[in-house]
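In: Have a look; sequence and predicted model below, questions after that.
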Amino acid sequence: MKKVFRILGLLLGVFVLAVAGFASYVGISGIPSYQVPAYSTTIVSTPERVAHGEKLVAASCADCHVDPKTGNLSGQLLRDLPKEFGNIYSANITRDQAHGIGSWTDAQVVTLLRTGIGPDGRFRIIMPSFVHMSDDDVASIVAFLRSDHNWTKANPAPSHAQEPSFLSKALVNTVMKPAPMPSAIITEPVPTDAVALGRYLVVGRYKCYDCHSADFKTNNNLEPEKSEGYLAGGNKMLNLQQQTVVTRNLTMDPETGLGDWTPEQFAQAVRFGMSPHGPLAYPMPKYSRLTDAEASAIWAYLQKVPKIKNATPEDGATARL
Ligand code: HEC
Ligand code: HEC
């Protein structure tokens, strides 16, 4: 018996040492840096690209990057991030040469959007990476960020230094890694193939699946359909008051998903945040500039996504919070 205890004691000792070693490693190394991928591109700005880029930035960047105090993309404390991650600030991405991205090359901005790696090699945390977005959509975003719009107006305030918690540092030293640069050009499916276009919008352009699958921690950025509970909701997010808002089931399950909705109800919910059950709360974005073709393509694609029964609070599942 005593021998068993001695072995257990030894094992515990080794475990404690390993944890302590890991803790000091994470403490010292902080946010890791990576080799910046070799990549070059020059993006041609056209009025069409700038207009399209404005729509994409409004849908997918503004909520995090527009500071309500300055009215431009100068960055802010992310108030809807769980406190366990520490204090994380979105960066100043205005055209300011010194403190925004005014002096970044197009290739540097694209690399950041694709992989999360900055020109200095530091991995940017919490910032989503747009792995499956088409080259043209990425180019439109860059064209908009270079344009003369109120949001991009040079703001001379430096980005706030990050204050990541131990947990954040541990995550970025273990499971959270930069995405690879795409190995080929990514094009948007043709509009006549509504299902393929819908899939593209859900996984590539707007990343609906990111919020609407089970949990950010089990999402698969490279192969989105392999995310746990793909599009079946249940991801516990926070609003700006740090109250839990659970994402909803977008599969066609008639009881807990959208199986009993009409395409018009769906378009209304996605564009204006009005669901048949009432208004939708932040962080559900309002895709007010979504075209009819986009709304019906997403709807067509959702008909093909495997149904999952997953009740969320609006189905009366409050006990699972
Ligand atoms: C969930 C919030 C969130 C969203 C959505 C988001 N970002 Fe970010 N972004 C961040 C955070 C946080 C950082 C800073 C991360 C760091 O310093 O580690 C950042 C950093 C950046 C940087 C690097 C700037 C620098 O100086 O390091 C760029 C460029 C950028 N974001 C552009 C975008 C664009 C363009 C979009 C939309 C397509 C977008 N972001 C969407 C949170 C977000
Ligand atoms: C930043 C996270 C986020 C993203 C991205 C997102 N959603 Fe949502 N969505 C939510 C949250 C949170 C709710 C629940 C809001 C509430 O409870 O009031 C929601 C609710 C919905 C609803 C209402 C469903 C119901 O049963 O009432 C629909 C429809 C919807 N989202 C569709 C989409 C589509 C389509 C996309 C992509 C174009 C998308 N969402 C992108 C977070 C997100």
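Out: Structure received. Residues are numbered from 1 along each chain as shown. Ligands and ions are numbered 1, 2, ... in the order given.

In: Isn't Ser74 up against Asn92?
Out: Yes: contact between Ser74 and Asn92 holds when scored by Cβ atoms under 8 Å: they sit 4.8 Å apart. (C-beta placed from N, C-alpha, C; glycine too.)

In: Residues of the stretch 51-200 of the chain that sit close to ligand 1?
Out: Where proximity means Cβ under 6 Å from any ligand atom, the interface of the stretch 51-200 of the chain facing ligand 1 comprises 57, 60-61, 64-65, 78, 88, 90-91, 93, 101, 109, 112-113, 118, 124-128, 141, 159, 162.

In: hang on, Gly259 packs against Gln265?
Out: No: Gly259 is not in contact with Gln265 according to Cβ under 8 Å; the separation is 11.9 Å.

In: one step back: narrow the residues of the stretch 51-200 of the chain next to ligand 1 to those in helices?
Out: When DSSP state H defines the helices, the subset of these inside them is 57, 60, 64-65, 109, 112-113, 141.

In: now for these, which pair is the farthest apart?
Out: Of all pairs drawn from these, the one with the longest distance (Cβ to Cβ) is Cys64 and Val109, at 16.0 Å.

In: Now do the SS call for Val245.
Out: Secondary structure state of Val245, per DSSP: H, G, I helix; E, B strand; the rest coil, is strand.

In: Which strand residues bridge it?
Out: Listed beta-bridge partners, Val245: Met237 (assigned using DSSP bridges).

In: Walk me through the domains of this structure.
Out: The record assigns the chain these domain ranges, following automatic domain parsing: 47-172, 194-320.

In: closest to ligand 1 among the ones in helices among the residues of the stretch 51-200 of the chain next to ligand 1?
Out: Distance ranking of these against ligand 1, using Cβ to the nearest ligand atom, places Cys64 first at 3.0 Å.

In: Strands along the stretch 151-300 of the chain, start to end?
Out: With DSSP state E, counting those that start in this stretch, the ranges of strands along the stretch 151-300 of the chain come out as 163-164, 236-238, 244-246, 274-275, 278-279.

In: Just the buried ones from the residues of the stretch 51-200 of the chain next to ligand 1?
Out: Buried members of those, scored by 16 or more other Cβ atoms under 10 Å, are 57, 60-61, 64-65, 78, 88, 90-91, 93, 101, 109, 112-113, 118, 124-128, 141, 162.
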